[in-house]
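Fold the following.
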Amino acid sequence: MQIVKMVVTGPFAAGKTQFIRSISEIDVVATEARISRSEEQAIKQETTVAMDFGRITVDDDLVLYLFGTPGQRRFEFMWEILSEGMLGFVVVVDSTRPETFREARLILETFRNYAPTPYVVAANKQDVEDAWPPEDLRIALHIDPAVKVLPCVATDKESVKNVLLELLYSILETMDSEE
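The predicted structure is shown next:
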């Protein structure tokens with residue numbers, strides 16, 4: 001059986017934990033703590049402090065392990081630990097919060113420096129009226145045309161599945177070309 005480790009990263013409150021919860025076949029192992037800063041409370045009440053973990057069995061020969069990172073820089077030390085052994089990563093971006101796009105770009109560059117693995121960008125909250133379209137997000141984040149920027153709704157299992165399949169295809173292509 002082949003195990004594929006994928007990391008799900010992105011800015012604070014982008015939807016990473018929900019992304020993993022929507023698709024995982026096991027109860028997600030989450031390390032969340034309550035937060036007290038008033039401006040962040042308007043967004044959400046808890047934040048990931050170490051990682052989230054979920055699993056998906058694709059078939060008898062393939063299992064995906066999903067590791068979600070904390071989005072806040074103060075937990076950045078966990079990013080490098082979680083990136084060890086990853087075969088690809090997803091950057092989840094809240095398409096309705098352009099003020100987080102710069103942080104998303106920094107996170108993307110950080111993970112590219114950890115390992116030159118395939119990645120995709122999940123343009124989350126595409127079901128919200130003022131969400132930036134994926135192509136506009138590509139421009140704002142300065143994403144290479146070869147990298148997929150995919151529409152996503154982290155609460156929708158099919159949407160999450162499509163993002164993960166695109167990343168898996170990229171990983172498998174990379175593995176085939178190395179053989």
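
use CA for all of it now, contacts and neighbours both
Noted.

So Trp132 is in contact with Ser95, correct?
Yes - Trp132 is in contact with Ser95 according to Cα atoms under 8 Å; the separation is 5.1 Å.

More neighbours: which of those two?
Neighbours per residue (other Cα atoms under 10 Å) separate Trp132 from Ser95, with Ser95 holding more: 26 against 21.

how much space is there between the more buried one and Glu109?
19 Å (Cα to Cα, to the nearest Å).

Check Ser170 too.
Ser170 is 18 Å from Glu109, where distance means Cα to Cα.

what about those two, which has more around it?
Higher neighbour count among Ser170 and Glu109: Ser170, with 20 against 11, using other Cα under 10 Å.

Against which helices or strands is the host helix or strand of the more buried one packed?
Element membership of Ser170, judged by DSSP states H and E, is helix 157-178. Judged by 3 or more Cα pairs under 8 Å, 6 or more residues apart in numbering; DSSP states H and E, helix 157-178 is in contact with helix 16-23, strand 88-94, strand 119-124.

can I get those in JSON lines with distance to Leu64?
Below are the helices and strands packed on helix 157-178 laid out as JSON lines (distance: least, Cα to Cα, whole Å):
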{"stretch": "helix 16-23", "distance to Leu64": "11"}
{"stretch": "strand 88-94", "distance to Leu64": "11"}
{"stretch": "strand 119-124", "distance to Leu64": "15"}
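
For Met6, find the nearest of those.
Smallest distance to Met6 across the helices and strands packed on helix 157-178 (Cα to Cα): 5.2 Å, for strand 88-94.

Can you tell me the strand partners of the closest one and which way each runs?
Strand 88-94 has the following strand partners under DSSP bridges: strand 2-9 (parallel), strand 119-124 (parallel).

show me what contacts Pro11?
Residues in contact with Pro11 (Cα atoms under 8 Å, 6 or more residues apart in numbering) are Gly71, Gln72, Val92, Val93, Thr100, Glu103, Ala104, Ile107.

Lys157 too?
Contacts for Lys157 (Cα under 8 Å, 6+ apart) come out as Ser22, Ile23.

Could you measure from it over to Val7?
For Lys157 relative to Val7 (Cα to Cα), the value is 17 Å.

before we move on, the earlier item: give the intersection of the neighbour lists for Trp132 and Ser95.
Common neighbours of Trp132 and Ser95 are listed as Gln126 (criterion: Cα under 8 Å, 6+ apart).
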